[in-house]
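Asker: Sequence and computational prediction follow.
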Amino acid sequence: MAEPSESSLSEIRELIAVDTTSRESNLPLIELITQKLSAAGIASTLIPSPDGLKANLLATIPAADGTGSGGIVLSGHTDVVPVDGQQWSSNPFQTQVRDGRLYGRGTCDMKGYLGVILAKLPQFTAAELREPIHLAFSYDEEIGCVGAVSLVEEIVKLQLAPRGALVGEPSSMRVIRGHKSMNVFKVQFHGVAAHSSLPSEGLNAISYALRFASFVEQVADELRTEGPQDPAFIEPTTTMNVNRIDGGIAVNTIPSECVVFFEYRSLAIVDREALTARFVAEAERLEAQMQAKNPAASVSFEQQAGAPGLDTHAGADIITLAAQCGATATDEKVTYGTEAGLFSAAGIPAVVCGPGDIAQAHAPDEYIELSQIAACEEFFDALIAELS
């Protein structure tokens, strides 16, 4: 079994030790990475979140002739999912090596990938690159690819015009050219409270929320039986679910508030705007029904997160490049969403290709095989050679 370098393991350990659970700020990690890049002679640009508590990082390793446009993006997110309620065999923020695996929150998803990039900085900067390498590290990917939106916008604004993007989500170093979109919504129903013995004096928010939830199920059934299909996916159709409903305060009170959370994951061919508009229209229809009974009633509809799907052409240069660097070429597509869809939507061909197995992501005792870290190192060595 190939063994990773101590430099990569050291970088990964240091990243894991910084808790960047999405509810926390990622600024301590961004500052750490900025210092490492600065020490290597690489300038960084930070794109802060609206509240200033988090930031994306964008940096360019220019070509040998100073060119900073074109080239390849290496993209990854800095946040991790919570460990709350999970039973871990060791401290999730202190890595341990056991049985050929490196354990810790984010080892697989995806600080393993980021750590290898940082370990390779000396080789990146020493190489006689023909074209630049851009580093794009985002915040809040785990809650809906939130930070990557402004990060990709900045890449476009600066006219960096990369010819491709490699998004290092765990794919076992396979080249993944397609995934579904991700769309998360919050729909709030505001009724009128009353004693349960006098329902005519109130307006039951839960009742209307359930009607909306039923509509989501109807659309899900429609798309499952009549919508487009792609057999490359485990679930070949667009999928959607009502995943949470909150409402009511007591069994003897007509509920005045109820909130429905739902999401859908659509094939790239599906018109997301048109699909979302169907749910907005249903929310408005139910609101009109509620207000006909009581003008004080209302319904609010909010999209909390969203990212487009990915369907990179099988013959795209970025796929060829990744395969030439040792990644496993495949026609597989994955059900989870990534930042790759945002790059693709901005006209930057993208693929998902990173170390680790997605099955280990988010799980207690998250781990990455040491051999996968070594494979990622070999991939970047080959990438440096291809671009030099």
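Answerer: Structure's in. What do you need? Numbering: from 1, shown residues only.
Asker: Residue ranges in this protein under the pLDDT threshold?
Answerer: Segments of the chain classed as low confidence (criterion: pLDDT under 70) are 1.
Asker: just the helices in it please.
Answerer: If DSSP state H is used as the criterion, the helices of the chain fall at 6-16, 27-39, 111-119, 121-126, 146-157, 205-226, 272-293, 317-324, 340-345, 370-387.
Asker: Output the fifth one as CSV, restricted to C-alpha atoms.
Answerer: Output of helix 146-157 as CSV, limited to C-alpha atoms (Å, rounded to 0.1, in the frame of the first residue of the first chain):
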residue,chain,number,x,y,z
VAL,A,146,-23.4,29.1,0.2
GLY,A,147,-19.9,30.7,0.0
ALA,A,148,-19.0,29.3,-3.4
VAL,A,149,-21.6,31.5,-5.1
SER,A,150,-19.6,34.7,-4.3
LEU,A,151,-16.3,32.8,-4.8
VAL,A,152,-17.2,31.8,-8.4
GLU,A,153,-18.5,35.3,-9.0
GLU,A,154,-15.2,36.8,-8.0
ILE,A,155,-13.3,34.4,-10.4
VAL,A,156,-15.6,35.7,-13.2
LYS,A,157,-15.2,39.3,-12.1
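Asker: Mind listing what's buried along it?
Answerer: 146, 147, 148, 149, 150, 151, 152, 154, 155 (16 or more other Cβ atoms under 10 Å). (C-beta placed from N, C-alpha, C; glycine too.)
Asker: do you know how far the third one is from residue 253?
Answerer: Right, the one you point to is residue 148. Applying Cβ to Cβ, to the nearest Å, one obtains 43 Å for the distance of residue 148 from residue 253.
Asker: Pipe the helices of the chain into a markdown table and attach distance to residue 197 per row.
Answerer: Conversion of the helices of the chain to a markdown table gives the following (distance: least, Cβ to Cβ, whole Å):
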| stretch | distance to residue 197 |
| --- | --- |
| helix 6-16 | 57 |
| helix 27-39 | 54 |
| helix 111-119 | 57 |
| helix 121-126 | 70 |
| helix 146-157 | 45 |
| helix 205-226 | 17 |
| helix 272-293 | 18 |
| helix 317-324 | 65 |
| helix 340-345 | 52 |
| helix 370-387 | 63 |
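Asker: Nearest to residue 257 among those would be which one?
Answerer: Ranking the helices of the chain by proximity to residue 257 (Cβ to Cβ) places helix 205-226 first, at 5.4 Å.
Asker: The closest one to helix 272-293, inter-axis angle?
Answerer: Using axes from the mean of the first three to the mean of the last three Cα atoms, to 10 degrees, the inter-axis angle of helix 205-226 relative to helix 272-293 is 150 degrees.
Asker: and the nearest residue to residue 383 once chain neighbours are set aside, what does it touch?
Answerer: Beyond its immediate neighbours in the sequence, the residue positioned closest to residue 383 (Cβ to Cβ, 6 or more residues apart in numbering) is residue 325, lying 4.8 Å away. Neighbour list for residue 325: 379, 380, 382, 383, 386 [criterion: Cβ atoms under 8 Å, 6 or more residues apart in numbering].
Asker: Do I have it right that the second one meets residue 120?
Answerer: Which is residue 380. Yes - in this structure residue 380 lies within contact range of residue 120 using Cβ atoms under 8 Å: 4.9 Å.
Asker: Alright, calling it a day.
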